[in-house]
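S.K.: Prediction below, plus the sequence it came from.
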Amino acid sequence: QVQLVESGGGLVQAGGSLRVSCVASRSIFSFNSMGWYRQAPGKQRELVATITIGDSTNYADSVKGRFTISRDNTKNTVFLKMNSLQPEDTAVYYCNAVVSYALGITRNYWGQGTQVTVSS
């Protein structure tokens, strides 16, 4: 089992910045990938950014050039730095971890989410 705890959300004006963090309950060194997803009211959850075990990153087109995902294996933490925030970035941001186990089993874990609100 893996528990994920997000923090760092809040209220920011358009054009501002925030950094959200996700701490895992155990070492993330061997996790297949970690990522951030978001869900706005009335919308489906969507991918924001992911980072793999080899530090390859992937971003949604809507955040490319504005958001940066990174990980600190020594702190079991993944970060999402968000710059040039816009009202359309308002959502609950969820941390995700993909972990492989023996016998080819792969599991997804989710945090409880942290609210990011961008005012115009």
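M.R.: All right, it came through fine. Residues are numbered from 1 along each chain as shown.
S.K.: helices or strands up against the top strand by length along the chain?
M.R.: Secondary structure assigned by DSSP state E gives strand 91-100 as the longest strand of the chain. In terms of contacts (3 or more Cβ pairs under 8 Å, 6 or more residues apart in numbering; DSSP states H and E), strand 91-100 is packed against strand 4-7, strand 18-24, strand 33-39, strand 106-110, strand 114-119. Just so you know, the C-beta spots here come from the backbone N, C-alpha and C atoms, and that holds for glycine as well.
S.K.: how does it look with 10 Å?
M.R.: Other elements packing on strand 91-100 under the criterion 3 or more Cβ pairs under 10 Å, 6 or more residues apart in numbering; DSSP states H and E are strand 4-7, strand 18-24, strand 33-39, strand 46-52, strand 77-82, strand 106-110, strand 114-119.
S.K.: Tell me which residues touch the most centrally placed residue in the chain, please.
M.R.: Closest residue to the average C-alpha location of the chain: residue 36 at 2.2 Å, with Cα atoms, centre = their mean. Contacts for residue 36 (Cβ atoms under 10 Å, 6 or more residues apart in numbering) come out as 6, 20, 22, 47-51, 59-60, 63, 67, 69, 78-80, 82, 93-96, 111, 114.
S.K.: The same query, at a cut-off of 8 Å, please.
M.R.: Residues near residue 36 by Cβ atoms under 8 Å, 6 or more residues apart in numbering: 20, 22, 48-50, 69, 78, 80, 93-96.
S.K.: Would you mind listing the two of those that lie farthest apart?
M.R.: Maximum pairwise distance in the contacts of residue 36, criterion Cβ to Cβ, is 14.4 Å, between 20 and 50.
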